[in-house]
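Novice: Sequence and predicted model, in that order:
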Amino acid sequence: MEKYVIHGGKPLSGEVVIGGAKNAAVAILPATILAGGKCLIENLPCISDVMASLQILSELGAGIRMVTRNIYEIDTTNINSTEVSNELSRQMRASYYFLGALLGRFGSGQVAMPGGCNLGPRPIDQHLKAFTAFGAEDSVEYGQIRVKADHLVGSHVFFDTVSVGATMNAMLAAATAQGTTVLENVAREPHIVDLANFLNMMGADIHGAGTDVIKIHGVKQLHGCNYSIIPDQIEAGSYMVAAAITKGDVTLRNVTPKHLEPITAKLRAAGCEIEEFDDALRIRRTGNLHPLKVKTMPHPGFPTDMQPLMTTLLTLADGTSIVTEGIWENRFRYVDELLRMGANIQVDGQVAVIEGVRKLRPAPLRATDLRAGAAMIMAALSADGISEVDETIHIERGYENIVEKLQLLGADIRRVEAPRNAITRAI
Ligand code: EPZ
């Protein structure tokens, strides 16, 4: 068990290089199964969710060769199993992408049925709706979900809710289904477009990704390719908040400013100065923070994964902010941690009302999930004095070298070994 010890109160400055997008990587890695050949994947973030995906591929029979820390060659020619082990699939929710990919290549796939998580219930009914429309049957036995089809036929699917996972899984299964598939009311996140681009590089015929209708002409077979994953929108947004909350001046390298627009717009409204370049962005804050109204929505709305970070920033605004969570039922659990730092936040269901305070005070903090964990780091960076962030395992699922990257920006943060339950809290 590790914890981070953070001596906050110092403005961050300098440059940070953003890694590849986690939520693209965890779909693109299973998608390599459809190639039945070699793919070279570049800009893979070195994070635990990616390592778990590579381990699953390896266990299924794929050859994995590390070229560098962020480039892997994956050879899926000799995959000889369609069942993801219970232990590995439970390590990572996104293991559900193996269902779509295995179904597309072999006509069957099995993973552990995902349960609820820290964010609230996480059903996969819309994933299954698409698979069923393509002619598959699903069954659940002893916690495992199995999908199976004699052959997949393209179909028209109207999703009842906008879902990133269901959109990606339907694309994976439909790429080689016979005939044409039309997916309506789909998600439009940058990682949806990235997966479509990757599948098209492998020979798929997919149009419309990035709009709310995707059309797929099924092809007989896909092939291997070389592909570089897009920069991570949420990692970039997290460092933008780090700069904003510490009154810093930070340049982000390897970003796509277009993908950051929903975040940039809100941070500008909060009083940050932001300059955009081709693949870089500079953010500075010199004045006070203005309060905001923020509601999370599917892309191009404000991303739910930035919500804990934005709420944390707004604890220091001059006035009252309102943050409404529009995607997940239970994404304000971290607020209790901020209250112990002196923040003034009232949560009623999906809405948080935040009265800005002048300063957050240091405290022992807990990462309740991945993005909440990142938000705790930002809170600690803003507070004068020493804070500790516990349960960092959540953070390392999605942020590559976060401690080292923050150190390069001048933060006083270090990892230390923490015996379980070593932190005593003032509650
Ligand atoms: C992805 O989760 C991301 N994870 C999440 O990021 C992100 O919060 C979420 O999209 C929304 O942007 C990955 O990409 C691995 P959804 P996903 O299906 O695909 C409901 C992070 O911090 N729904 O878009 O699982 C669901 O309950 C993580 O990086 C159904 O009702 O999310 C939710 O309310 C956390 N039925 C809403 O849709 C379904 O079949 C959106 O979920 C599927 C979803």
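Specialist: It's in.

Novice: who in the stretch 251-400 of the chain is up against the ligand?
Specialist: Contact residues (CB under 6 Å from any ligand atom) of the stretch 251-400 of the chain with the ligand: T304, D305, I327, W328, L370, R371, G398. Placement of C-beta: from N, CA and C, glycine included.

Novice: Pretty sure I216 sits in a strand.
Specialist: Yes - when DSSP: H, G, I helix; E, B strand; the rest coil is applied, I216 is found to be in a strand.

Novice: So which helix or strand of the chain has the lowest pLDDT on average?
Specialist: helix 86-91 (a mean of 86; mean pLDDT, DSSP states H and E).

Novice: Return the distance of that one from the chain's centre.
Specialist: What separates the centre of helix 86-91 from the centre of its chain is 18 Å, taken as CA atoms, centre = their mean, to the nearest Å.

Novice: picking up where we left off before, buried members of the residues of the stretch 251-400 of the chain next to the ligand into ChimeraX, please.
Specialist: With 16 or more other CB atoms under 10 Å as the criterion, this ChimeraX line picks the buried residues out of these:
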select :304,305,327,328,370,371,398
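
Novice: The residues of the stretch 251-400 of the chain next to the ligand: which two are farthest apart?
Specialist: Within these, two members stand farthest from each other by CB to CB: I327 and G398, at 16.6 Å.

Novice: how about G237, secondary structure?
Specialist: Under three-state DSSP, the three-state class of G237 is helix.

Novice: Got the phi and psi for the residue of the chain most remote from its centre?
Specialist: Going by CA atoms, centre = their mean, the residue of the chain most distant from its centre is D150, 33.3 Å out. Torsion angles at D150 (phi, psi; degrees, to the nearest 10) stand at phi -70, psi -50.

Novice: show me the residues around it that make contact.
Specialist: Going by CB atoms under 8 Å, 6 or more residues apart in numbering, D150 touches G107, G135.

Novice: likewise F134?
Specialist: Residues in contact with F134, defined by CB under 8 Å, 6+ apart, are A149, L152, V153, G154, S155, A173, A174, A177, T181.

Novice: Can you report how many residues neighbour the first one?
Specialist: So the one you mean is A149. 21 (other CB atoms under 10 Å).

Novice: near the ligand, which residues of the stretch 1-150 of the chain show up?
Specialist: K22, N23, V26, A94, P121, R122, P123, I124, D125, Q126, H127.

Novice: Once you drop chain neighbours, what's closest to the fifth one?
Specialist: It stands for P121. E329 (6.6 Å; CB to CB, 6 or more residues apart in numbering).

Novice: can you list the weak-confidence ranges in the chain?
Specialist: Residue ranges of the chain with pLDDT under 70: 115-117, 419-427.

Novice: Mind doing that once more with 80?
Specialist: The chain contains residues with pLDDT under 80 at 114-118, 120-121, 418-427.

Novice: quick one, domains of it?
Specialist: As assigned by automatic domain parsing, the chain contains the domains 2-19+231-422, 22-228.

Novice: The one helix or strand I206 maps to - contacts with which helices or strands?
Specialist: Assigned by DSSP states H and E, I206 belongs to strand 205-207. The contact analysis (3 or more CB pairs under 8 Å, 6 or more residues apart in numbering; DSSP states H and E) places strand 205-207 against helix 190-201, strand 213-217.

Novice: who touches it?
Specialist: Contact with strand 205-207 is made by M171, A175, A196, L199, N200, I214, K215, I216, H217, G218, V219, as judged by CB under 8 Å, 6+ apart.

Novice: Endpoints of stretch 392-405, how far apart?
Specialist: Stretch 392-405 has an end-to-end distance of 15 Å (criterion: CA to CA, to the nearest Å).

Novice: Could you do stretch 325-336 as well?
Specialist: 16 Å.

Novice: now stretch 217-224
Specialist: Terminal residues of stretch 217-224 are spaced 19 Å apart (CA to CA).

Novice: And that stretch, what's buried?
Specialist: Using 16+ other CB under 10 Å as the test for burial, stretch 217-224 gives G218, V219, L222, G224.

Novice: just stretch 260-270 next, same as before
Specialist: Buried residues in stretch 260-270 (16+ other CB under 10 Å): L260, P262, I263, T264, K266, L267, A270.

Novice: which non-adjacent residue is nearest the fourth one?
Specialist: Sequence neighbours aside, I274 is the residue nearest to T264 in space, at 5.3 Å (criterion: CB to CB, 6+ apart).

Novice: OK, contacts around the one you found?
Specialist: By CB under 8 Å, 6+ apart, I274 lies in contact with M240, T264, L267, R268, L281, R282, I283, R284.

Novice: what sits against whatever residue of the stretch 201-350 of the chain ends up closest to the ligand?
Specialist: Closest contact between the stretch 201-350 of the chain and the ligand, by CB to the nearest ligand atom, is at D305 (4.3 Å). If you count contacts by CB under 8 Å, 6+ apart, D305 has them with I234, G237, R371.

Novice: Specify the local secondary structure of it.
Specialist: helix.

Novice: Show me which of the contacts of I274 is closest to S321.
Specialist: Within the contacts of I274, proximity to S321 (CB to CB) peaks at L267, which comes in at 13.0 Å.
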